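**Student:** I would like the atomic coordinates for the input below:
(one chain, ligands or ions: 1)
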Amino acid sequence: MKAALAALLLAAWPGPAVLAEPAPPWADARLGPDRRAELAVAAMTLDEKLGLLSGQFGLLMKRQRPGEPRIGAGYVPGVPRLGLPELFETDAGLGVANSPSMRPGDTATAMPSALATAAGFDPALAFEAGAVMGAQARAKGFNVLLAGGANLTRDAWAGRNFEYLGEDVWLSGVLAGESIRGVQSQGIVSTLKHFALNSQETGRYVLDARIGEAALRESDLLAFQIALERGRPGSVMCAYNRVNGPWACENDALLNGVLKRDWGFPGWVMSDWGAVHSTTKAALAGLDQQSGREMDLAPYFGAPLKAAVQAGEVPPARVDDMARRILRSLFAVGVIDRPPPTKPEPIDAAAGAAVAQRVAEAGTVLLRNEGGLLPLREGLRRILVVGGRADVGVLSGGGSSQVWGTGGTPLRLPVPDAPPELSFIQVTYQGPAPLQALRERARGSEVAFVDGRDLAAATAAAREADVVIVFAEQWRTETADLETLALPGAQDALITALAAAQPRTVVVLQTGGAVLMPWLRQVGAVLLAWYPGERGGAALARVLFGDVDAGGRLPISFPARDADQPRPLPPGLDAVRDARAEKARRGPAPAGAPFDISGGVKPFAVDYAEGADLGYRWFERTGTQPLFPFGFGLSYTRFGYAGLVLEGGATPRVRFTVTNLGARAGSDVPQVYAAVAGADGRRIRRLVGFERVTLAPGESRSLQLALDPRLLARFDAAQPGWVVAAGELLVVVGRHAGDRVLQGLLPMPALRLRP
Ligand code: BGC
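**Tutor:** Numbers count the residues shown, from 1 in each chain. Alright, predicted model coming up:
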């Protein structure tokens, strides 16, 4: 049986025709990825190994290989002599990204933002979305997807928050892991990124993120660790910034220490594009591959690495290790045994759109619903839709994750006041338009639209309508942070005026994270759609009319004021402004000057003084009321929780029953929090479990959640390892981070766990 399987596998070996029989020893899948990688590396010359370690910016392929369709963010040569594949790498976590300059006209499913996925609190759906992205990347011939963003949201204003999964360790870790598992289920590698503490865009190429070791382990690193264990990504991408001194991509403590030694990561560390600063130091600290080398000041892992090996600075065994780690992941994930097509094949756009719609529906959060304004009843005479380009499309976030959706890209606007480094980014709207979806769904009702620029006309129209749906938007992008959480432009004034004219006003927010809502108490309802992806309009229409419950919950806290955050403004704004002014003063760089991705911004440090108490934990610690707490979200029905049973031990368990007490089917996310003592002995809540349930009216479900004991522990850096103190922990089941429906004491034995 086994022999027959081996013969089959060997026959399927995709090595090049020049390969003489028999197939090379590493073609035998029975040997496992480690042994296969070892055998392949043993057959390689030093130059072949070094070739694998140095990636180029993918766009350059356009010149080098005219007609090559697989133009993405990165390219790494293979070893054709040995049948080892080239790497074609593409962004990212919201679908197969593209920019007009890369693959003109090539579209993929534009998924909702990662934050919308996180709001679904649904690991199975995160897996499905990952599988769609993996399948589409594969169909287009890519074998590495630069997905798996898992940085925790430390600052509500951060530009890339829409690409990440929120502020909680457990939610973020589980969903990132499932999404990566989904991508890799399609036989292509996913990364996990950006390792670590790339928490802001302002000065990201130069800043030093400072935090204590225990606090880092208990927060951002634990989220990465959980994602790594669940998702087993083939690669981890190290970040641009420094972490406690050394650059993330030459950080021995992080790469060799935490990732490879403590967590036993067998795959490869690739750099972010422009994040490498040295040859020997980086190679010895654990970086395995330089990506997009043209973005660094030097091709550190090309000729300089060869010279370092020849000079005895980098042992040949380390180069073997670097190459082995890459090949190991390619074997483990299936890239070599099941290679993607070399010529793009059509994607299943309909299947992708269906998943995108389910993710958008699951992640839509109902924040306010006065007097049961929502769901909208059938047969309304006149619905007025206002603003937010609802007549054109849905908003998406900017940067390397930008997808050209299969529903069209009807509007692209230049970034207002864009500095030169933002010139490749556009404010992009995905089709189809929400207005169209609303008109289709609102059978029999007149659905009118005004853009809202003429306030008097908009309020007059609002008075004439049965219901007003006003779209408000906040655009975010990679490379820039927000300087306030307030809605830009005159949107607050528009909403206030409409609400005064028409109490039945529903605000639909399209945002990349938290926003301020000075008008909150004046409006009838608020629905948070995030960046909802190409089926966002259809999803929204279904939620507004109650065809599906508004089942999303907040994966981030919403502060009531800018000032209520640990850092009300992005640190380093001055440094960035100074560098821009200096550049403008100096004029264009002389021809031949090396490209400096940092833009000359002077280094600065960001002190993460809140430590592991970020997000809702920080609000609790400082006694500040958020506008909306983490985990919050209303439903069209009501749910009750009962029968809490707590069982301590090495794998603690929580049991309780959730019941739909209302008259319509709906979705809920009961959340379990434990109050765990932090560094100063004060007990602060941590999310330790959640489950999304969809129940018919009157239906009950008994839930049993196994808790990861690390969530109940303190990290002891001296040991090092996780320590759970013997004693009773207060455990609360509630609807959000500030809620308490059930509570009990969880008896825990003393536990010591490996780091
Ligand atoms: C981003 C990464 C991305 C890479 C390649 C970088 O600027 O930080 O997330 O994968 O570019 O496009």
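
**Student:** how about the residues of the chain that lie near the ligand?
**Tutor:** 73, 91-92, 146, 193, 272-273, 400 (C-beta under 6 Å from any ligand atom). Every C-beta, even on glycine, is put in place using the N, C-alpha and C of the backbone.

**Student:** give me every residue that touches the closest residue to F57 other than its chain neighbours.
**Tutor:** Using C-beta to C-beta, 6 or more residues apart in numbering and skipping the chain neighbours, the partner closest in space to F57 is G292 (4.3 Å). G292 is in contact with 55-58, 73-74, 271, 273-274, counting by C-beta atoms under 8 Å, 6 or more residues apart in numbering.

**Student:** Point me to the helix or strand that includes A581.
**Tutor:** helix 573-586 (DSSP states H and E).

**Student:** What's the mean pLDDT across that helix?
**Tutor:** For helix 573-586, mean pLDDT is 94.

**Student:** returning to that earlier point: can you lay out the contacts of G292 as a markdown table showing secondary structure and neighbour count?
**Tutor:** Shown next, in a markdown table, are the contacts of G292 (DSSP: H, G, I helix; E, B strand; the rest coil; neighbours: other C-beta atoms under 10 Å):
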| residue | secondary structure | neighbour count |
| --- | --- | --- |
| G55 | coil | 25 |
| Q56 | strand | 20 |
| F57 | strand | 17 |
| G58 | helix | 25 |
| A73 | coil | 23 |
| G74 | strand | 24 |
| S271 | strand | 29 |
| W273 | coil | 25 |
| G274 | coil | 23 |
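
**Student:** just checking, A317 is part of a strand?
**Tutor:** No - read with DSSP: H, G, I helix; E, B strand; the rest coil, A317 is helix and lies in no strand.

**Student:** Please report how far it lies from the ligand.
**Tutor:** Distance check for A317 against the ligand: by C-beta to the nearest ligand atom, to the nearest Å, it reads 29 Å.

**Student:** One more: P246?
**Tutor:** From P246 across to the ligand, the span is 19 Å (C-beta to the nearest ligand atom).

**Student:** ranges for the helices of the stretch 151-300 of the chain?
**Tutor:** 169-184, 213-218, 220-231, 252, 280-285 (DSSP state H, counting those that start in this stretch).

**Student:** mind giving me JSON lines with those and columns for mean pLDDT and mean neighbour count?
**Tutor:** Below are the helices of the stretch 151-300 of the chain laid out as JSON lines (pLDDT from 0 to 100; neighbours: other C-beta atoms under 10 Å):
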{"stretch": "helix 169-184", "mean pLDDT": "98", "mean neighbour count": "28"}
{"stretch": "helix 213-218", "mean pLDDT": "98", "mean neighbour count": "22"}
{"stretch": "helix 220-231", "mean pLDDT": "98", "mean neighbour count": "24"}
{"stretch": "helix 252", "mean pLDDT": "98", "mean neighbour count": "14"}
{"stretch": "helix 280-285", "mean pLDDT": "98", "mean neighbour count": "22"}
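
**Student:** Leaving out chain neighbours, which residue sits closest to the residue in the stretch 101-250 of the chain that the ligand sits nearest to?
**Tutor:** The stretch 101-250 of the chain approaches the ligand most closely through L146 (3.8 Å), counting by C-beta to the nearest ligand atom. Once flanking residues are discounted, L146 sits nearest to D91: 4.7 Å by C-beta to C-beta, 6+ apart.

**Student:** So that neighbour sits against E478, correct?
**Tutor:** No - the pair D91 / E478 is not scored as a contact, 9.9 Å apart, by C-beta atoms under 8 Å.

**Student:** More neighbours: which of the two?
**Tutor:** Ranked by neighbour count (other C-beta atoms under 10 Å), D91 and E478 place D91 first, with 30 against 20.

**Student:** Local confidence estimate at that one?
**Tutor:** Reading off the model, D91 has pLDDT 97.

**Student:** Tell me which residues touch the one residue in the stretch 451-600 of the chain that gets nearest to the ligand, please.
**Tutor:** Closest residue of the stretch 451-600 of the chain to the ligand, C-beta to the nearest ligand atom: E478 (6.4 Å). Counting by C-beta under 8 Å, 6+ apart, E478 makes contact with 159-160, 163, 201, 397-401, 425.

**Student:** Which single one of those is nearest to E68?
**Tutor:** In terms of C-beta to C-beta, no member of the contacts of E478 lies closer to E68 than S400, at 19.7 Å.

**Student:** quick one: low-confidence ranges for the protein?
**Tutor:** 1-21, 421 (pLDDT under 70).

**Student:** What residue spans form the domains of it?
**Tutor:** 30-333, 364-556, 629-753 (automatic domain parsing).

**Student:** between those domains, which gets nearest to D596?
**Tutor:** Among the domains of the chain, the nearest to D596 by C-beta to C-beta is domain 30-333 (6.6 Å).

**Student:** quick one: the helices in the stretch 451-600 of the chain?
**Tutor:** Under DSSP H, counting those that start in this stretch, the stretch 451-600 of the chain gives helices at 455-464, 491-501, 536-544, 573-586.
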